[in-house]
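Colleague: Quick one: sequence and predicted model below, then my questions.
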Amino acid sequence: MKLKKIFATALISILYVGVLSACGNKESGSNSEGEEKIYNIDVGHVVTTNDAYHLALEKFAENVKEKSGGRINIEIFPSSQLGNERDLVEGITMGTVDMAVVASGNVAAFTNTYQPFDLPFIFRDHEHAHKVLDGEIGQQALKSLDSLGIKGLANWENGFYNTWNAKHPINTPEDFKDLKIRANDNPIHIASYDALGASAITMGWSEVYTAIQNGTVDGVAVSIPSMYNSKIYEVAPYISTSSEFYVTAILMMNKNLFDGMPEDLQQILVEEANAVTAYERQLVADMETEFIQKLKDEGFEVTNPDKEALKEAAWQPVYDEYADKLGKDVIESIQNDY
């Protein structure tokens, strides 16, 4: 009887180790001397296949496969199949997720290096944001992810966030008062809506449509392409171009996986991630213009609140609160040096 128990225990241990090994192995193919390894990489995001993230990832995956001679194969998992954005970031730090594109606010729980970019109206326009993200400050933020076990490949974008809601048009700061707004799990965004008298409620993107439909929230602040592609206008027909936040999207991967790859493959991943950056950003800009015009043509009311009034009435307290935490010199450099 003891012998049977010992054998059973040993068998379970062997199976357990085998499962762990399989979960941690992202390589396929023979390990015979002289034969190159194949890397199969899963990449997740939370939006639809029509979104700029997905279209850019398709181009990125195609380019990487071609440049690597088939040694890197990237499979894309859209629409939160690998989890919400917080899940994706945590998964990458732990090694259970290979790669993802996430809004930068989702790393706020781990580092504050991206938080200056989250301040309301910190960027004048897309061009200003791109200069900062591609410059010293943006590249330092990308590099800072190393300490979290994350390899930052490129700063993409989610675009400017606008508030759409089911209650009434937004024209002035007062129109935000008492609205329940779904916001990113981002302390600066939450503080900003609190300052306006709105209630910021965080939830996964896949839950938003139903949450507006059943009244859990009144509206949502996110990019125009994401809202249009997810048909948020069906449940939140009061559309504004408030553009209160610009949101960086980070193409990131598990650092241990990256560091374990040959240098030539590392170089291909970084180069192609950056090569696709301009394409991804242009997709976002084009979609913003196209989708707002489509909504106007379909008879939706689109308001353009006075951004200076918003900033003066409600956002200044947020600047005052975060200036010392994030560094006044960094904030002033973003505003004045680019």
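Modeller: Thanks, I have it.
Colleague: helix, strand or coil for Ser206?
Modeller: Recorded secondary structure, Ser206: helix (DSSP: H, G, I helix; E, B strand; the rest coil).
Colleague: what do you get for Val101?
Modeller: Assigned with three-state DSSP, Val101 falls in the strand class.
Colleague: Kindly confirm whether my reading is correct that Ala129 touches Ser243.
Modeller: No: Ala129 is not in contact with Ser243 according to C-beta atoms under 8 Å; the separation is 11.3 Å. Bear in mind the C-beta positions are built from the backbone N, C-alpha and C, glycine included.
Colleague: Give me the common contacts of these two.
Modeller: By C-beta atoms under 8 Å, 6 or more residues apart in numbering, Ala129 and Ser243 have no common neighbours.
Colleague: Does Ile190 lie in a helix or a strand, and which?
Modeller: helix 187-195 (DSSP states H and E).
Colleague: Now that helix: buried residues?
Modeller: Of all the residues in helix 187-195, those buried under the rule 16 or more other C-beta atoms under 10 Å are Pro187, Ile188, His189, Ile190, Ala191, Ser192, Tyr193, Ala195.
Colleague: out of those residues, who's nearest Thr289?
Modeller: The closest of those to Thr289 turns out to be His189 (C-beta to C-beta; 24.0 Å).
Colleague: how about the helices in the stretch 151-300 of the chain?
Modeller: 187-195, 208-213, 224-229, 255-259, 263-275, 277-297 (DSSP state H, counting those that start in this stretch).
Colleague: For the longest one, enumerate the helices and strands it packs against.
Modeller: For helix 277-297, the contact count by 3 or more C-beta pairs under 8 Å, 6 or more residues apart in numbering; DSSP states H and E identifies helix 52-67, helix 126-134, strand 150-165, helix 224-229, strand 302-303 as packing neighbours.
Colleague: circling back: with respect to Ile331, which of the helices of the stretch 151-300 of the chain lies nearest?
Modeller: helix 187-195 (11.8 Å).
Colleague: And that closest one, how far out from the chain middle?
Modeller: Distance of helix 187-195 from the chain centroid (C-alpha atoms, centre = their mean, to the nearest Å) equals 18 Å.
Colleague: what comes into contact with that helix?
Modeller: Outside helix 187-195, the residues that touch it by C-beta under 8 Å, 6+ apart are 105, 108, 115, 118-120, 161, 176, 181, 183, 199-200, 202, 221, 244-245, 314-315, 317-318, 321-322.
Colleague: So for that helix, mean pLDDT?
Modeller: For helix 187-195, mean pLDDT is 93.
Colleague: Direction-wise, compare it with strand 150-165 and give the angle.
Modeller: Orientation of helix 187-195 against strand 150-165 (axes from the mean of the first three to the mean of the last three C-alpha atoms, to 10 degrees) gives an angle of 20 degrees.
Colleague: Next up, the contacts around Met253.
Modeller: Counting by C-beta under 8 Å, 6+ apart, Met253 has contacts Ile41, Val43, Ile92, Asp98, Met99, Ala100, Ile150, Lys151, Leu153, Leu269.
Colleague: same thing with Tyr319?
Modeller: Residues in contact with Tyr319 (C-beta under 8 Å, 6+ apart) are Leu119, Pro120, Ile331.
Colleague: end-to-end on stretch 118-136?
Modeller: One end of stretch 118-136 to the other measures 17 Å (C-alpha to C-alpha, to the nearest Å).
Colleague: just to revisit the earlier point, now do the helix holding Ile190 and strand 99-103, the angle between them.
Modeller: Orientation of helix 187-195 against strand 99-103 (the same axes, to 10 degrees) gives an angle of 30 degrees.
Colleague: tell me which residues in stretch 313-331 are buried?
Modeller: In stretch 313-331, counting by 16+ other C-beta under 10 Å, buried: Ala313, Ala314, Trp315, Val318, Tyr319, Tyr322, Ala323, Leu326, Val330, Ile331.
Colleague: Just give me the neighbour total for Pro237.
Modeller: Counted with other C-beta atoms under 10 Å, the neighbours of Pro237 add up to 15.
Colleague: Let's see the pLDDT reported for the residue nearest to it when sequence neighbours are not counted.
Modeller: In space, and not counting its chain neighbours, Pro237 is closest to Phe300: 6.0 Å by C-beta to C-beta, 6 or more residues apart in numbering. Residue-level confidence at Phe300 comes out at 96, pLDDT.
Colleague: Then Asp218?
Modeller: On the pLDDT scale, Asp218 is placed at 99.
Colleague: residues contacting it?
Modeller: Shown in contact with Asp218 (C-beta under 8 Å, 6+ apart): Asn165, Ala166, Lys167, Leu179, Lys180, Ile181, Ile212, Ala236.
Colleague: Contact partners for Ala249?
Modeller: Contacts were defined as C-beta under 8 Å, 6+ apart; by that measure Ala249 touches Tyr53, Val101, Val102, Ala103, Ser104, Asn155, Trp156, Glu157, Asn158, Glu280.
Colleague: Kindly report the same for Ala200.
Modeller: Contacts for Ala200 were tallied using C-beta under 8 Å, 6+ apart; they are Ile181, Arg182, Ala183, His189, Ile190, Tyr193, Asp194.
Colleague: now, among those residues, which is nearest to Leu133?
Modeller: Distance to Leu133, by C-beta to C-beta, is smallest for His189 among these, at 18.2 Å.
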